[in-house]
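# any chance you could fold what I've pasted below:
(2 chains)
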2 protein chains.
Amino acid sequence: LITVLAGGVGAARMLVGLRAAFGEEQLTAIVNTGDDATMWGLYVCPDLDTITYTLAGAIHPEQGWGLADETVAVMTAIERYGGPTWFKLGDKDLATHLYRTGRIAAGATLSEVTADISRAWGLGLTLLPMTDQPVRTRLRLAGEDGEDPVEVDFQDYFVRLRHAVPVAEVRFAGVEGALPAPGVLHAIRSAEVVVIAPSNPAVSIAPILAVPGIGAELRARRSSVVAVSPIVAGSALKGPADRLLTELGGEASALGVARWHAKYAGTIVIDEADRSLAPEIEALGVACVVTNTIMSSTEIAGDLATATVTAVTGRAT
Amino acid sequence: LITVLAGGVGAARMLVGLRAAFGEEQLTAIVNTGDDATMWGLYVCPDLDTITYTLAGAIHPEQGWGLADETVAVMTAIERYGGPTWFKLGDKDLATHLYRTGRIAAGATLSEVTADISRAWGLGLTLLPMTDQPVRTRLRLAGEDGEDPVEVDFQDYFVRLRHAVPVAEVRFAGVEGALPAPGVLHAIRSAEVVVIAPSNPAVSIAPILAVPGIGAELRARRSSVVAVSPIVAGSALKGPADRLLTELGGEASALGVARWHAKYAGTIVIDEADRSLAPEIEALGVACVVTNTIMSSTEIAGDLATATVTAVTGRAT
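Numbers count the residues shown, from 1 in each chain, chains lettered A, B, ... in the order given. Predicted coordinates:
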């Protein structure tokens, strides 16, 4: 059994690799919901949907979110009203949000709806939101001196502002009162290996670890937790992880990621390009595996998955 | 100034006629919101939208609701999840509901959003919901003897059950605490003529009159209120008005409509086909105008509008 802490695109590709290497019945993904948003009253879960659509082979190939072969009749029509259209949801994608919103309005939990959506797409892994309670990742922007600080929601930062503004602080509103979703703690306890996917440490993995109980559960089994660095040669493969790490007092490097996750993960997988950082990482007390981490094909993702999991299981034998 | 109490299709056609005859700047419509529904978390206002789309010349020509040249990408995609699709909203129509839901979630009132939607469609009349508070028309179905009574929402009865089941009782949940929307009472007071559109008396007009204050305002000026019968030769032109009137203890005829509205309307307009009922109607103390009420063209609707309004204004001069 393998349990994965997952954000969006990087985690989705990692799950494709893990499925190829180990089969999907073995897999549980615990997915960040701090990026969730309410748009036009709809319950939108970007990370859950990116993972579902990617594993279903239906993800939009360039965007990294939303569906392939998509139409935008609804968003085009909403322009008549001058509504905000910076979050350009496709028609088929909207069906997912409508279904989820309707089910939740009728009393279902996010876990229940997530399982049903995942089943509807034919997926065999277990997909769990980190929590069924609303948690919202909020970013305080680093304004000019003397300006009042501005705090925005994640999608506002990520999509509308194109993550091009410096961030002073990140918090996860509501997380103190959140409970791990049913099955989350069990999935961490019962897994042979826990993988921290190559997702943004500060805004994709941190909210999962902030849910009361989840971080402690990982620390208790740190030696069989392995993280994959989303930073290669000092840069994020996608998104603002590099800048965020620096802005939040960390370092935009595989070493910075190792340091960030050191409390939770006994092992880190880094890219060949960062081989020279291995001694410094080992000096932190984090075992270091060096391999190709750029998942440009399912085969490479499968090799990375095998290297990641055997970093723990191979050691045991 | 002309103020119209309005349901859906019949009222929309009547408003087209009134606009043709008197211009839209003169017109205010107070629209039933008892049929409003929450579908997939979206705020759906069937009567308001039918009126808006009809006056904008964009209504679906056969359906009587929704938009012409519509696509159904979202509803087709939702079938994957096995969601309920008996309420088949089109993509462009969904844009209206998304916009409305988003605005209301952000704190706008239904009145404010209604005004903005109506303006976005280029309409010049004043369109008012009867109230900004949620009121839901609930129908208790007349089950078999011994069965527990079942109560359903209006759209459930109207669309899903195709209004093919007998109704024992109608109530307007929440109406006791509802307030007339801003402008509603003023529109009734300041109008030269108030028209009760040829809408279903029991489920389209009754909820409007049930909003505290509205019914009393009409009774106070009964002599210049004129109703148009939606029943012609004993049948509803559209929908279940005929059966509902009978089931609720009334009579499916122009006489039954006159009796139903007699407290509020001093005059009723009936179809040529019902000319023989005029003496009985006059005997109720309701003045009776006989003309062609089947609005098969804008011209006929305009003639009906003129006959309706001059039934009051012509009398005064």
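# please spell out which residues along the biggest helix by length in chain A are buried.
In chain A, taking DSSP state H as the definition, the longest helix is helix A:298-316. Applying a neighbour-count criterion of 16 or more other Cβ atoms under 10 Å in any protein chain shown, the buried positions in helix A:298-316 are A:300-312. For the C-beta atoms, the positions are set from N, CA and C on the backbone; glycine is no exception.
# how close does A:C288 get to chain B?
43 Å (Cβ to the nearest Cβ, to the nearest Å).
# returning to what we had before: what does the longest helix of chain A contact?
Outside helix A:298-316, the residues within contact range by Cβ atoms under 8 Å, 6 or more residues apart in numbering or on different chains are A:2, A:13-14, A:16-18, A:20-22, A:192-193, A:195, A:223-224, A:226, A:228, A:267, A:269, A:287, A:289, A:291-295.
# can I get it in PDB? Just the C-alpha atoms.
In PDB, the C-alpha atoms belonging to helix A:298-316 read as follows (Å, rounded to 0.1, in the frame of the first residue of the first chain):
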ATOM      1  CA  THR A 298       4.600   7.800 -18.400                       C
ATOM      2  CA  GLU A 299       7.700   5.600 -18.600                       C
ATOM      3  CA  ILE A 300       9.900   8.100 -16.900                       C
ATOM      4  CA  ALA A 301       7.200   8.800 -14.300                       C
ATOM      5  CA  GLY A 302       7.000   5.000 -13.700                       C
ATOM      6  CA  ASP A 303      10.800   4.800 -13.200                       C
ATOM      7  CA  LEU A 304      10.600   7.800 -10.800                       C
ATOM      8  CA  ALA A 305       7.800   6.100  -8.900                       C
ATOM      9  CA  THR A 306       9.800   2.900  -8.600                       C
ATOM     10  CA  ALA A 307      12.900   4.700  -7.400                       C
ATOM     11  CA  THR A 308      10.800   6.700  -4.900                       C
ATOM     12  CA  VAL A 309       9.100   3.700  -3.400                       C
ATOM     13  CA  THR A 310      12.100   1.400  -3.400                       C
ATOM     14  CA  ALA A 311      14.100   4.100  -1.600                       C
ATOM     15  CA  VAL A 312      12.100   2.900   1.400                       C
ATOM     16  CA  THR A 313      11.100  -0.700   0.600                       C
ATOM     17  CA  GLY A 314      14.500  -1.600  -0.900                       C
ATOM     18  CA  ARG A 315      16.200  -0.300   2.100                       C
ATOM     19  CA  ALA A 316      14.100  -2.600   4.400                       C
END
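# give me the pLDDT for the residue nearest to A:V44 when sequence neighbours are not counted.
Nearest non-adjacent residue to A:V44, counting by Cβ to Cβ, 6 or more residues apart in numbering or on different chains: A:A37, 4.8 Å away. In this model, A:A37 is scored at 92, pLDDT.
# lowest-confidence helix or strand of chain A?
helix A:154-155 (a mean of 86; mean pLDDT, DSSP states H and E).
# so for the helix or strand just after that helix, what gets flagged as buried?
Using DSSP states H and E, the helix or strand that follows helix A:154-155 in sequence is strand A:167-173. For strand A:167-173, the neighbour count (16+ other Cβ under 10 Å) marks A:167, A:170-172 as buried.
# can I get those residues in CSV with distance to chain B and pLDDT?
Formatted as CSV, the buried residues of strand A:167-173 follow (distance: Cβ to the nearest Cβ, whole Å; pLDDT from 0 to 100):
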residue, distance to chain B, pLDDT
A:V167, 25, 92
A:V170, 24, 94
A:R171, 22, 96
A:F172, 22, 97
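# which one of those is nearest A:A29?
A:F172 (19.0 Å; Cβ to Cβ).
# returning to what we had before: return the closest of the buried residues of helix A:298-316 with respect to chain B.
Closest approach to chain B among the buried residues of helix A:298-316 (Cβ to the nearest Cβ): A:A301, at 26.0 Å.
# just give the number of residues close to A:E176.
The tally of other residues near A:E176 (other Cβ atoms under 10 Å in any protein chain shown) stands at 10.
# my guess is A:A210 meets A:V175, correct?
Yes: counting by Cβ atoms under 8 Å, A:A210 does reach A:V175; the two are 4.7 Å apart.
# now do the shared contacts for the two.
What both A:A210 and A:V175 touch, as defined by Cβ under 8 Å, 6+ apart, is the set A:V135.
# which residues does the residue nearest to A:V44 contact?
With Cβ under 8 Å, 6+ apart, A:A37 has these contacts: A:44, A:46, A:87, A:153-155.
# can you give me the strands for the stretch 201-317 of chain A?
Using DSSP state E, counting those that start in this stretch, the strands found in the stretch 201-317 of chain A span residues A:225-228, A:231-232, A:235-236, A:267-271, A:287-291.
# deepest in the core, which of these is it.
With neighbours defined by mean count of other Cβ atoms under 10 Å in any protein chain shown, none of the strands of the stretch 201-317 of chain A is more surrounded on average than strand A:225-228, at a mean of 28.
# who's in contact with that one?
Contacting residues not belonging to strand A:225-228 are listed as A:10, A:14, A:193-198, A:218, A:257-258, A:261, A:264-269, A:289, A:293, A:304, A:308-309, A:311-312 [Cβ under 8 Å, 6+ apart].
# up against chain B, what does chain A have?
A:38-43, A:71, A:73-78, A:80-83, A:91-92, A:94-96, A:98-99, A:101-102, A:104-105, A:116-117, A:120-121 (Cβ under 8 Å from any Cβ of the partner chain).
# in ChimeraX, how would I select the buried members of these?
In ChimeraX, this line selects whichever of the residues of chain A next to chain B come out buried by 16+ other Cβ under 10 Å:
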select /A:38,39,40,41,42,43,71,73,74,75,77,78,81,83,91,92,94,95,96,98,99,101,102,104,116,117,120,121
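# pull up the per-residue confidence for the residue of the stretch 201-317 of chain A found nearest chain B.
Closest to chain B within the stretch 201-317 of chain A is A:P207: 23.0 Å, counting by Cβ to the nearest Cβ. The model reports A:P207 with a pLDDT of 98.
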